[in-house]
Structure formats: C-alpha cells, structure tokens
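Enquirer: pasting the sequence and the predicted model now:
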Amino acid sequence: MPTYMVLVTFTDECVKSPGEIPGGIEMVHSGVAQMGGRVIACYALMGEYDAVGIYEMPSDEAVVALSLRIASTGMARTKTYRAIPHEQFSQIIQQMPS
C-alpha cells in the first residue's frame, strides 16, 4: 500500500478546545482503519505544523477522503504528501534514460 504523510495545522477553533484534540486523533485513526489503511505513526510537532500522521492507505482516493474527513470537522487543515520508499526511488532513478 502507498504511504502518505499528512501534515496537520490546527484551526483557531481547535486551539480554543484543546481537550478535544485526543478524540479527534482517535476519530482520524478510526477512519484510516475503516478505509482499509494502517496508522504507521502519529506525532505532535513544534514548528510550522502542529502534527503529522504517517499512514498506509489503499489509494490516493482514500487519502483524499481522509483529508476531507479531517477538514470537515473544522478543527484542522492538512497537506498530504505521498512518501516513496528509498528502494522504490532508486528503482525509478535506474529506469531513467541516460
């Protein structure tokens, strides 16, 4: 399954109710499982983003649905990136024309 990094920024609404954040994380992780995915890791961050989730998801469409589910709560905005394992990346490079 493809791996995705979902960077999360909390909205002002979320920051006003920080006690709801753990429940929101559980809701996201439950959604990942319901969509046939797997949570690899989840971290709070210091810096430009507030959190990152690393997930294996069955398809790009599933991760888009996950991002929309998160956004629909009004508690967070996301930026999603597909992560390519270095082995696969090396294979891609080897297949490039010289």
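Expert: Great, that's in hand.
Enquirer: if we ignore the residues flanking it in sequence, what's nearest Glu13?
Expert: Gly74 (5.4 Å; C-beta to C-beta, 6 or more residues apart in numbering). Every C-beta, even on glycine, is put in place using the N, C-alpha and C of the backbone.
Enquirer: which SS state does the one you found fall under?
Expert: coil (DSSP: H, G, I helix; E, B strand; the rest coil).
Enquirer: so where's this structure shaky on pLDDT?
Expert: Nowhere does the chain drop to pLDDT under 70.
Enquirer: what about Val15, distance to Gly24?
Expert: 12 Å (C-beta to C-beta, to the nearest Å).
Enquirer: who has more neighbours, these two?
Expert: Between Val15 and Gly24, Gly24 has the larger neighbour count (other C-beta atoms under 10 Å), namely 18 against 11.
Enquirer: the more buried one contacts Gly74, doesn't it?
Expert: No. Between Gly24 and Gly74 there is no contact under C-beta atoms under 8 Å: 10.4 Å.
Enquirer: tell me, what's touching the two both at once?
Expert: Common contacts of Gly24 and Gly74 (C-beta atoms under 8 Å, 6 or more residues apart in numbering): Cys14.
Enquirer: tally of neighbours for Val32?
Expert: 24.
Enquirer: could you say which helix or strand holds it?
Expert: helix 21-34 (DSSP states H and E).
Enquirer: could you say what helices and strands that helix packs with?
Expert: Using 3 or more C-beta pairs under 8 Å, 6 or more residues apart in numbering; DSSP states H and E, the elements in contact with helix 21-34 are strand 38-44, strand 51-56, helix 60-72.
Enquirer: how far off strand 51-56 does it point, in degrees?
Expert: Calculated by axes from the mean of the first three to the mean of the last three C-alpha atoms, to 10 degrees, helix 21-34 forms an angle of 10 degrees with strand 51-56.
Enquirer: restricting to C-alpha, output helix 21-34 in CSV.
Expert: Extracted C-alpha coordinates of helix 21-34, given in CSV (Å, rounded to 0.1, in the frame of the first residue of the first chain):
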residue,chain,number,x,y,z
ILE,A,21,-7.7,17.0,20.2
PRO,A,22,-7.1,13.4,21.5
GLY,A,23,-10.7,12.5,20.5
GLY,A,24,-10.1,14.0,17.1
ILE,A,25,-6.9,11.9,16.6
GLU,A,26,-8.8,8.8,17.5
MET,A,27,-11.5,9.7,15.0
VAL,A,28,-8.9,10.1,12.3
HIS,A,29,-7.2,6.8,13.2
SER,A,30,-10.6,5.0,13.2
GLY,A,31,-11.3,6.5,9.7
VAL,A,32,-7.9,5.2,8.5
ALA,A,33,-8.9,1.7,9.6
GLN,A,34,-12.4,1.9,8.1
